[in-house]
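1. generate a structure from the sequence data that follows.
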Amino acid sequence: MKRDTMRTPIGACTRVAVLVVSCVAAACGKPTPPTLLTLKKECLAAARKAIESEIKRHENWLKQRTDGSVKDDKAPEIRARLQMLYADRDHYDKITIQDYTLPKRIQVRAKLANKRRVLHLKKQSRSGPWYNVIGSHEPIEVERMYDMTLYLVYPRWYFKMNSHYVYVAAHG
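-> Predicted coordinates:
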């Protein structure tokens, strides 16, 4: 004897739940944007990662000058920036989510140009601005143009041009 699951309360509830989930998934078609708490956590993590990336870059530049592979007078400038980066790392390591303030948010039309995580804006000059993706709420396809919401989580040293590490909160 076959049971009619629609007549039982559990069977009806299961079908309704499946239907609701299916309708929501089909209607949305996009991942949900991050909550404020998630956004703050992910931006703070991205800022910490950006600082570590900058420290590695600067330490490498300093090593090139001390081992003689690069000959210029920039070592004192690099050392000074390294000291600022170490201080920033200490500050960001101590900050709590409650005390963290979201950085500047901007809207851009851009594509991820390559695996190095550099965004190319729809209207961009040779002098930038340059945005390096250090974190993203959703995966980003290379060479696909998106409307993006970016958070400028940390400045990036790039030949004194406008450059930032960014967290991509949303794109579509």
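2. mind listing what the closest residue in space to R105 that isn't next to it in sequence touches?
-> With C-beta to C-beta, 6 or more residues apart in numbering as the criterion, R105 has its nearest non-adjacent residue at 5.4 Å, and that residue is Y151. (C-beta placed from N, C-alpha, C; glycine too.) Taking C-beta atoms under 8 Å, 6 or more residues apart in numbering as the contact definition, Y151 lies against L39, C43, A46, L102, P103, K104, R105, V166, Y167, A169.
3. make sure Y151 is indeed in a strand.
-> Yes - assessed with DSSP: H, G, I helix; E, B strand; the rest coil, Y151 lies in a strand.
4. show me which of the contacts of Y151 is closest to S136.
-> Here the nearest of the contacts of Y151 to S136, counting by C-beta to C-beta, is Y167; it sits at 6.9 Å.
5. you'd agree that closest one is up against T149?
-> No - if you go by C-beta atoms under 8 Å, Y167 and T149 don't touch, sitting 9.4 Å apart.
6. look at those two and report which has more neighbours.
-> Taking neighbours as other C-beta atoms under 10 Å, Y167 and T149 compare with Y167 leading, 29 against 19.
7. the more buried one in helix, strand or coil?
-> Y167 is classified as strand under three-state DSSP.
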